[in-house]
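[1] Sequence first, predicted coordinates after that:
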Amino acid sequence: DLSTASGAVGILFTSIQFEQDMAAAAGSGSEVDVKSIPTAPEAVLKSLELERWGVKVGDSRVFHNLDHGQIRAIMKDRKEAVAIDNGTMVVDTAPFCGRSPTDRFWVKEGPSAEHIDWGSINQPIERSNFDALHKLSREYLSKSGTLFVFDGFVGASEASRIHVRVVTELVWQHHFVTNMFRPPATPEAAAELAAAKPDLVILNSCGVTDPEWKSHGLNSEVFVAVHADEGLAVIGGTSYGGEMKKGAFSLMNLRCPLKGVLTMHCSANKDPESGNTALFFGLSGTGKTTLSADPKRLLIGDDEHGWDDHGIWNLEGGCYAKTLNLDPEAEPDIYNAIKAPGALLENIKINEDGSPDYADGSKTQNGRVSYPLHHIRNVDPESKGEHPSVIVFLTCDATGVLPPVSKLTAGQAQYHFLSGYTAKVAGTERGIKEPVATFSHCFGAAFMPLHATDYAKLLAEKMEKHGAKAYLINTGWSGGAYGVGHRMKIKVTRACVDAVLNGSIEKAPTTTFPIFGLQVPTELPGVEGKVLDPKSTWADGAAFDEQLAKLA
């Protein structure tokens, strides 16, 4: 029963964590003495019932819901990270600098098995094999000597959120989930939450691998396996933080739509005066985080949202942004969010003077930073919005033929949502070195356990009921395909987004784009007319026509 804990939790931005972060950022905070950080009180430790999931505490030290200052002190003491010149900590997750989708599995038993769309994305694993992985994880964690336990929520909606408990051996992973999920507002609320039975437990035993992976039906010694009906996930062999984040998101994508609540792989923001809300669908690398961090609007969230009868709400408590070529002028909100003690950088190059080199992608092109939402200047404190009036589908078109912006009919919106055309950009998954064209339904097939039409039906119903308009924006290539043309300039994309959000695109003259039948504006404020017509940016018109036909 979460009623008592839920009432005490409040909203993230009234928490002591926020106050501590702001004090540190202003220079009035001081380094925490690692020896002064208390382990979980006996009452909290008992209420956590880690033994229920097979983790034997024994003589291990257990820390519960640490704040950023405490996490930072332990991280430095254990040498899990190094600091850049402004004090922000940096971790190295190599060799896994991205998700490992071929190593993700769902247990095929119980009620969930009837709903999951089984295949190469949602791979099944037998219960007995899952039990073997669970045994590896729990025995490994039981011997770790130090455990970090996080209790919090996935979802800003009191009606739809789930209680998640994450057990890790690395304090930086505790930092990550503290940023990305929604921690309780006070230590007292955290203690109350610890006494409640969680909806999802994640055992992150990243230091253990499965030597018998072939007999267990896996694709490698690495595993990320979820038993949806028991609310248990086990991770082994990869320390990449995104596996925890996407594991919780995937479970929400299984449970919520079955109750009529649409969960989506999108970012969201809203107008501070009118409250008009916009959604931005897209895979990693298409611009969801960058475009939703708009200085003229309030950020609701950058990656995962729910849509219920009350409107839009963020599933997360933070942002997880790509850092490659991060520019303080083009992306000031994200750049300025990278500050101690809340932000956590992953897999970036550090110069000899301690400054970060965001232009260096030699380690990975998927360098990342996680940070709590309150690091963004313009953020909605409740992480909620009205029913959206605008829905934007972002595609990173590596062929260079799609226009930078186009208007969609209701039917076209459904088509593009179901096809989810884009290009996987380098680094977001293992093995991706250059853009690869892909069709990912719902702009997030890797995280959608139900059949694509289950989500599409809900989206269509909600769009029709609330009168939302849809648009397709290409953040990919212009002037030619990858290797010939160039990536769309962010100033052009922002101008297109502005025209969509302020409604000026509805007044602009349009022309019909061949084959696809899209309505493309011929003029927009801040965008050169030639750029709006992708064919005119190609040196060879015949080559454009050939590429367009090939894409279709």
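    The structure has been received and is ready for your questions.

[2] Going by C-alpha atoms from here, please, whenever you check contacts or count neighbours.
    Fine.

[3] Make sure residue 412 is indeed in a helix.
    Yes - counting by DSSP: H, G, I helix; E, B strand; the rest coil, residue 412 is found in a helix.

[4] gap between it and residue 436?
    Distance of residue 412 to residue 436, computed by C-alpha to C-alpha, to the nearest Å: 23 Å.

[5] cool, residue 390 as well?
    As defined by C-alpha to C-alpha, residue 390 lies at a distance of 28 Å from residue 436.

[6] same question, residue 215
    As for residue 215, its distance to residue 436 is 32 Å (criterion: C-alpha to C-alpha).

[7] Who has more neighbours out of the two?
    Between residue 215 and residue 436, residue 436 has the larger neighbour count (other C-alpha atoms under 10 Å), namely 16 against 8.

[8] From the centroid of the protein, which residue is nearest?
    residue 303 (4.5 Å; C-alpha atoms, centre = their mean).

[9] Go ahead and confirm that residue touches residue 289.
    Yes - judged on C-alpha atoms under 8 Å, residue 303 makes contact with residue 289 at a distance of 6.9 Å.

[10] Need the overlap of contacts for these two.
    Shared contacts of residue 303 and residue 289 (C-alpha atoms under 8 Å, 6 or more residues apart in numbering): 267, 319, 320.

[11] In terms of distance to residue 509, which of those residues ranks first?
    Comparing those against residue 509 with C-alpha to C-alpha places residue 267 closest, at 28.4 Å.

[12] nearest spatial neighbour of that closest one, skipping sequence neighbours?
    Closest residue in space to residue 267, ignoring its immediate chain neighbours: residue 302 at 4.0 Å, by C-alpha to C-alpha, 6 or more residues apart in numbering.

[13] what about residue 216, which helix or strand?
    Assigned by DSSP states H and E, residue 216 belongs to no helix or strand.

[14] let me fix that: residue 71
    According to DSSP H and E, residue 71 maps onto helix 68-77.

[15] Residue ranges in the protein under the pLDDT threshold?
    Residue ranges of the chain with pLDDT under 70: 1-30, 425-435.

[16] again, only using 50
    Where the chain drops to pLDDT under 50, the residues are 1-18, 22-29.

[17] Which secondary structure state does residue 193 sit in?
    Following three-state DSSP, we place residue 193 in the helix state.

[18] Would you state the helices of the stretch 351-500 of the chain in chain order?
    With helices called from DSSP state H, counting those that start in this stretch, the stretch 351-500 of the chain shows them at 410-419, 452-466, 490-502.

[19] relative to helix 410-419, how tilted is the second one?
    Okay, so that is helix 452-466. Angle between the axes of helix 452-466 and helix 410-419 is 150 degrees (criterion: axes from the mean of the first three to the mean of the last three C-alpha atoms, to 10 degrees).

[20] Kindly indicate which of the shared contacts of residue 303 and residue 289 lies nearest residue 547.
    Ranked by distance to residue 547 (C-alpha to C-alpha), the shared contacts of residue 303 and residue 289 are led by residue 267 at 30.3 Å.

[21] Is it correct that the closest one is in contact with residue 281?
    Yes - counting by C-alpha under 8 Å, residue 267 does reach residue 281; the two are 6.6 Å apart.

[22] shared neighbours, these two?
    Common neighbours of residue 267 and residue 281, counting by C-alpha under 8 Å, 6+ apart, are residue 288.

[23] give me every residue that touches the closest residue to residue 146 other than its chain neighbours.
    What sits nearest to residue 146 in space, not counting adjacent residues and going by C-alpha to C-alpha, 6+ apart, is residue 61, at 4.7 Å. Neighbour list for residue 61: 39, 145, 146, 147 [criterion: C-alpha under 8 Å, 6+ apart].

[24] count of residues packed around the residue nearest to residue 267?
    Residue 302 has 30 neighbours, counted by other C-alpha under 10 Å.

[25] Give me the buried stretch members for the helix or strand containing residue 62, please.
    Assigned by DSSP H and E, residue 62 falls within strand 61-64. Neighbour-count burial for strand 61-64 flags 62, 63, 64 (criterion: 16 or more other C-alpha atoms under 10 Å).

[26] Repeat that for stretch 247-258.
    The neighbour-count check on stretch 247-258 (16+ other C-alpha under 10 Å) flags 247, 248, 249, 250, 251, 252, 253, 254, 255, 256, 257 as buried.

[27] Make CSV out of these and add secondary structure and distance to residue 84.
    Shown next, in CSV, are these (DSSP: H, G, I helix; E, B strand; the rest coil; distance: C-alpha to C-alpha, whole Å):
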residue, secondary structure, distance to residue 84
247, helix, 30
248, helix, 30
249, helix, 31
250, helix, 33
251, helix, 35
252, helix, 35
253, helix, 36
254, helix, 39
255, helix, 40
256, coil, 40
257, helix, 42
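
[28] from the residues you listed, which is closest to residue 379?
    Closest to residue 379 out of the buried residues of stretch 247-258 is residue 249 (21.4 Å), distances taken as C-alpha to C-alpha.

[29] who does the helix holding residue 71 touch, helix- and strand-wise?
    helix 16-25, helix 171-180 (3 or more C-alpha pairs under 8 Å, 6 or more residues apart in numbering; DSSP states H and E).

[30] Can you name the next helix or strand after that helix?
    strand 82-83.

[31] List the strands paired with that following strand, with their directions.
    Partners of strand 82-83 in the sheet, by DSSP bridges, are strand 89-91 (antiparallel).

[32] For the helix or strand just after the strand it pairs with, name the packing helices and strands.
    Using DSSP H and E, the helix or strand that directly follows strand 89-91 along the chain is strand 104-107. Where contact means 3+ C-alpha pairs under 8 Å, 6+ apart, strand 104-107 is packed against strand 123-125, strand 223-227.

[33] Perfect, that will be all.
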